[in-house]
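> I would like the atomic coordinates for the input below:
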Amino acid sequence: MGPLPSGDLLQHIVLDPSRDLPLHAQLKSSLRRLILHKFEDTNRFFSEAQLIGHLQISQGTVRRALTDLASDGMLEKRPAKGTIVRKKIKADGLMNLAVFLPEYYSSNITEVITRLNVECLNRQIHLQSIFTHKGRSLQRAYQQLRFSPKEGAVVLLANTPIPTAELNTVLSEKGYDCITVDTLLRDPEQKFVGVDNKIGITLGMDHLTSLGHRNIALLVNEPEASENVQERIDAFESYHRSSGLALKTRVFHTGVAVWQNSATAALVGMEQIWNSSPRPTAIFTVSDPGALAAIQWLQKRAIRVPKDVSVLGFDGAAFGELIHPALSSIATPFQDVADTVFAILERKSGREERIFLPPSLVIRESTAAPPLGGVK
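Here you go, the predicted model:
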């Protein structure tokens, strides 16, 4: 069996309890990378005691991570002898993953594709990115698919509804296992992974109302052709009806079209909001670019955020903490999205699934109690 591996290999593992991803999943991902890059097949692996001692974490966390790695076929537990590494790829395992995505900059797209890429590297899966050019070159996209349905699966990432529906139909008919990320369709048979918009809006409204806000605007700076955007609008209006609070809520529609700049649309919407009466004490936007644009618009007019007006975004993009004031937002659990995609693929159940992941509230500097007497 050989000696236990050196604990020095563990010195670069950093586990962060403040992340949305549970500690056992963080540990599993870190250990997976070590297996792929530092171990050979049949090498002896770390003991539970080693991991607990070096990383100062609980036995439950360690045991869950090791059990998950064993379920993935990367470790084999041998009674009375310890755990060994298994790196041989199963012939029937997932070998390829194609991601169909628009050629369009979006922090959300970047976050998801990065995490899918990392998980593919960890699993020794080949990732192929295929650009749909905003849905205008689907035939060309199909021709770039380099593997058969038996050799891999497909993720449809952030394409608009009409191209997504066609991609899902055509690729499914060809026999590919398709999972859609972010673009919600009305089709109940769609395999879908995305954020739970109702929970997100409720988290945001609970936060703003707990601070004392009663006059709140929803700025719709993303295309309303998106089911996600419609869900956020519906959840906002539903909150008003069911909260039991004396709220004054208004939805400001910017009329932004698909692929138009959502930050520019927010600037147009801010003109509408500021000309309304009474002015809202809090602005909730349907995406983070809209929130950043709103803050910029306010600051150019010497209106203080959050002392005069609070601004809350939706996405939780990393750039939100780099501005001043740092943006409070509803954060999409991007790592959970990637993990769920692979969990569905590994189940190979054949049935359709629609999984809505709960977002989290990230409180930074752009939200605070409303000013006494309202906004001047």
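> tell me the domain ranges of the protein?
Domain ranges of the chain: 7-85, 96-190, 197-333, per automatic domain parsing.
> same question for the second one, mean pLDDT?
Yep, that's domain 96-190 we're talking about. For domain 96-190, mean pLDDT rounds to 91.
> end-to-end on it?
21 Å (CA to CA, to the nearest Å).
> ok, now stretch 114-132?
Span of stretch 114-132 from end to end, CA to CA: 18 Å.
> from the chain's centre, how far out does it sit?
Stretch 114-132 has its C-alpha centroid displaced from the chain centroid by 16 Å (CA atoms, centre = their mean, to the nearest Å).
> same deal with stretch 157-175?
From the chain centre to the centre of stretch 157-175 is a distance of 20 Å (CA atoms, centre = their mean).
> List of residues touching stretch 179-186?
Contacts with stretch 179-186, where a contact means CB atoms under 8 Å, 6 or more residues apart in numbering, come from 108, 112, 153-161, 164-165, 168, 190-194, 226-228, 231, 337, 341, 344-345. Every C-beta, even on glycine, is put in place using the N, C-alpha and C of the backbone.
> wait, is residue 284 part of a strand?
Yes. Under DSSP: H, G, I helix; E, B strand; the rest coil, residue 284 falls within a strand.
> Leaving out the residues flanking it, which one is nearest to residue 236?
Spatially, and ignoring its direct neighbours in sequence, residue 236 is nearest to residue 218 (4.7 Å; CB to CB, 6 or more residues apart in numbering).
> Residue 272 versus that neighbour, what's the distance?
12 Å (CB to CB, to the nearest Å).
> my guess is residue 289 meets residue 263, correct?
Yes. Using CB atoms under 8 Å, residue 289 is in contact with residue 263, at 4.4 Å.
> Neighbour count for these two, which is higher?
Remark: of residue 289 and residue 263, residue 289 carries more neighbours, 24 against 19, as counted by other CB atoms under 10 Å.
> can you tell me the average pLDDT over the helix or strand where that one lies?
If you go by DSSP states H and E, residue 289 is part of helix 288-300. Average pLDDT, helix 288-300: 97.
> what does it rub up against?
Applying CB under 8 Å, 6+ apart, the external contacts of helix 288-300 come out as 107, 219, 221-222, 262-267, 269-270, 283, 285, 304-305, 308-309, 311-317, 319-320, 323, 325, 327, 329, 366.
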